[in-house]
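1. Structure here, sequence nowhere to be found:
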């Protein structure tokens, strides 16, 4: 009889443990619009679970009440969600301004290193000639998507480190919102940044400024998003 009670207790504890971790679903949007954001990296800081939002901005992740979820996407301000319940969530990410980009680049806090925190992503993303499952499995495909995300984020950080407000502002006579609009409109790509030195970048900025001046006033400013708070 004692063994039976122990068995029942073990099964009960296992059931509680399994049920404690539940799938949370939701959708990620660009704040102030109905644009759904694909490839947003979502990670559970507590249990190290992770996922990417799909093409429709939808996501699902294994988590628990009391856990903290972090939402990251290049070009957007990171957001967090403290899990209280498992109703579908609507996450609104705010577009990152030039000022915030510089703060992130110059921050002394330890940067997120996916190679150290999620080494399994790089292992699972590998394709082996004699292993068809490594080509077509969902796990392998998801890992390759995550690897691409990590590469893109690293590239964006490299651009941010070179194309700074201080540097661009020292070349063109723009300030404040005008400078931010200019930098967003003429932000160089990763290939240009890695293949050009300081003088070439200076020439690029000057040429871009001439194009900026030739634009009609209404084309020089980026569309303003309505200031709506994030709904969770």
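-> Perfect, I can see it now. This is a predicted model, so every value here is computed, not measured.
2. Enumerate the positions of the longest helix seen in the chain that are buried.
-> Assignment by DSSP state H gives helix 138-162 as the longest helix of the chain. Neighbour-count burial for helix 138-162 flags 140, 142-147, 149-150, 153, 155-156, 159-160, 162 (criterion: 16 or more other CB atoms under 10 Å). Just so you know, the C-beta spots here come from the backbone N, C-alpha and C atoms, and that holds for glycine as well.
3. all helices for this structure, in order.
-> Going by DSSP H, the chain shows helices at 2-20, 98-106, 114-117, 119-124, 132-136, 138-162, 165-169, 176-185, 190-195, 198-214.
4. so what secondary structure elements neighbour the fourth one?
-> Looking back up the chat, that one is helix 119-124. When contacts are defined as 3 or more CB pairs under 8 Å, 6 or more residues apart in numbering; DSSP states H and E, helix 119-124 packs onto helix 138-162.
5. One more pass at 10 Å, please.
-> In this structure, helix 119-124 packs against helix 114-117, helix 138-162, with contacts taken as 3 or more CB pairs under 10 Å, 6 or more residues apart in numbering; DSSP states H and E.
6. tell me the average confidence for the first one?
-> It refers to helix 114-117. Averaged over helix 114-117, pLDDT sits at 80.
7. counting contacts, what elements does it pack onto?
-> By 3+ CB pairs under 10 Å, 6+ apart, helix 114-117 packs against strand 41-44, helix 119-124, helix 138-162.
8. Of the ones you listed, which is nearest residue 24?
-> strand 41-44 (9.1 Å; CB to CB).
9. Go ahead and name everything in contact with that closest one.
-> 21, 24, 26, 28, 49-53, 59-64, 67-74, 78-79, 81, 83, 91, 112, 114, 117-118, 145-146, 149-150, 153 (CB atoms under 10 Å, 6 or more residues apart in numbering).
10. of those, buried ones?
-> Neighbour-count burial (16+ other CB under 10 Å) applied to those gives 24, 26, 28, 49-53, 59, 61, 63-64, 67, 69, 71-74, 79, 81, 83, 91, 114, 118, 145-146, 149-150, 153.
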